[in-house]
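>>> 3D model of this:
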Amino acid sequence: MSPHSPDTDGDKARYDRATAHLDAPLALVDLPAFDANAADLVRRSRGKPIRVASKSVRCRALLERVLAREGFAGVMSFTLAESLWLARSGCTDVLLAYPSADRAGFAELTADPALAAAVTVMVDDPAQLELIDAARPGGARGGPEVRVCLELDTSYRLLGGRVRVGARRSPVREPAQLAALARSVVRRPGFRLVGLMAYEGHVAGVGDEVAGKPVFSRAIRVMQAAARKELAQRRWEAVRAVREVAPRLEFVNGGGTGSVQHTAAEAAVTEVAAGSGLYVPRLFDNFRSFSGRPAALFGLPVVRRPGPGVVTVLGGGYPASGVAGADRLPVPQLPAGLRYDPQEGPGEVQTPLLGPAADGLAVGDTVWFRHAKAGELCERFSELHLVDGDRVVDTVPTYRGEGHAFL
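I've put the predicted structure just below:
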């Protein structure tokens, strides 16, 4: 089965058998596919450790499963509250990928040496250091040292900076700027500079082979090749500049699912990040540099048959974050041949689906969908049913199922 085409009827039958004792809506993870995707990420990382992006998994049991594999080390978290929770749960290496203004969280972090040793916070502005100091229970010099990682802007600039390709993240772009920020950290009591991160989302998260768009795809590949070359040089210079300030820098993190093999090839990078490649949501069907197996799906029950060629399922309005568009919608995957009604789309409470396959479905049958993005699926479900073959071998809570909605 190709990951870029619909699954076979056999896959639907297998998932239906595995979950026959359960009522939809429900979500599942195909464990052999999940494990195969993990193995492929390790292959592409060229021996460099992979830090798991928790926002793309959002299930503690599956984070633990992948971290138990050789080739994976550490978690990249998305909020400070999540970071502290994971550290309290036993994770000893948590890198917070985004700056935080969680004063209560920083107060907790700086009051507990064990948490401070396990969590590294992200900084791209001295004002963030001021906020942390203000939150310390013992004042600016109170408590254990806070581990700090600096973030470098990775966007690709053209026409003298008038054109930007990539996310608006860190304001720190040039090696000299990063070195100045590094000096502000190492000179400040109560902080220890341990890492550098540079996430190239315009390469790692943008597909380069979009079906039916050969010219656009070619343009993306040309842009990404140029962006990788520019960033590799700038990242190397930035790491060299920061190491002059902090010679004992512990790690340099880069990459993402779509760029693992390219980022891992850079000598300056010591680890890569990935998470979406474990589930392989629909946005990762458009990459030609790697193949993955869709591992996470959700099933919705047929509740109506309005007429020939139409069924209605319960729920379905689960759009992904990002610029609104059809590519942010879940895709009906199994059975193959279903599509949304263009006048309705996926709805808050019900979703009509059109196509010849609808006539083969009865009330109570399940239609299986793939989410556009990875971990956001878990914000809709409190548990994941882990499937091996045609059996559910375990059921585990998502973050929501454990009572946490971090964002």
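
>>> can you give me how far stretch 232-252 is from the chain middle?
Centroid displacement of stretch 232-252 relative to its chain, using Cα atoms, centre = their mean, to the nearest Å, is 25 Å.

>>> measure the nearest residue to E250 once chain neighbours are set aside to P247 for me?
Nearest non-adjacent residue to E250, counting by Cβ to Cβ, 6 or more residues apart in numbering: V194, 4.5 Å away. In this view, the C-beta of every residue, glycine as well, is placed from N, C-alpha and C. Per Cβ to Cβ, to the nearest Å, V194 is found 12 Å from P247.

>>> anything in contact with each of those two?
The contact sets of V194 and P247 do not overlap (Cβ atoms under 8 Å, 6 or more residues apart in numbering).

>>> The two: who's more crowded?
Neighbour tally, V194 and P247, criterion other Cβ atoms under 10 Å: the higher count belongs to V194, 19 against 7.

>>> Could you measure from the more buried one over to G47?
Taking Cβ to Cβ, one finds V194 at 22 Å from G47.

>>> strand partners of the longest strand that the chain contains, parallel vs antiparallel please.
If you go by DSSP state E, the chain has its longest strand at strand 296-307. On the basis of DSSP bridges, the sheet neighbours of strand 296-307 come out as strand 26-30 (antiparallel), strand 310-314 (antiparallel), strand 366-370 (antiparallel).

>>> so of those, which one's packed in deepest?
Mean neighbours per residue, mean count of other Cβ atoms under 10 Å, is largest over those for strand 366-370, with a mean of 25.

>>> Can you tell me what sits against whatever helix or strand comes next after that strand?
Sequence-wise, the next helix or strand downstream of strand 366-370 (DSSP states H and E) is strand 383-388. Contact with strand 383-388 is made by 14-15, 18-19, 22, 26-32, 59, 62, 296, 378, 392-398, 401, as judged by Cβ under 8 Å, 6+ apart.

>>> go again using 10 Å as the cut-off
Residues from elsewhere that reach strand 383-388, judged by Cβ atoms under 10 Å, 6 or more residues apart in numbering: 14-15, 17-19, 22, 26-35, 57-59, 61-62, 65, 295-299, 377-378, 392-398, 400-402.

>>> re earlier: work out for me the element the residue nearest to E250 sits within.
Going by DSSP H and E, V194 is part of strand 191-198.

>>> Surely G142 is in contact with A111?
Yes: the criterion here is Cβ atoms under 10 Å, and G142 meets it with A111 at 8.3 Å.

>>> who has more neighbours, the two?
A111 (16 against 12).

>>> who touches the more buried one in this structure?
Counted by Cβ under 10 Å, 6+ apart, A111 has contacts 135-138, 142-144.

>>> of the contacts of strand 383-388, buried ones?
14-15, 18-19, 26-31, 33-35, 57-59, 61-62, 65, 295-299, 377-378, 392, 396-398, 400-401 (16 or more other Cβ atoms under 10 Å).

>>> you'd agree H202 is in a helix?
Yes: checked against DSSP: H, G, I helix; E, B strand; the rest coil, H202 lies within a helix.

>>> measure it to A268 for me?
Taken as Cβ to Cβ, the span from H202 to A268 is 19 Å.

>>> now S184
Counting by Cβ to Cβ - S184 and A268 are separated by 22 Å.

>>> quick one, which of these two is more surrounded?
Taking neighbours as other Cβ under 10 Å, S184 and A268 compare with A268 leading, 19 against 16.

>>> just so I have it, where are all the helices in this protein?
With helices called from DSSP state H, the chain shows them at 9-18, 31-44, 60-67, 80-88, 103-109, 113-118, 126-135, 175-186, 201-204, 214-245, 260-264, 276-279.

>>> By mean pLDDT, show me the worst of those.
Mean pLDDT is lowest for helix 201-204 among those, at a mean of 67.

>>> Next, the contact list for the closest residue to F78 other than its chain neighbours, please.
Closest residue to F78 in three dimensions, ignoring its sequence neighbours and counting by Cβ to Cβ, 6+ apart: K55, at 4.1 Å. Shown in contact with K55 (Cβ under 10 Å, 6+ apart): 76-79, 82, 97-98, 275-276, 373-376, 378, 399, 406-407.
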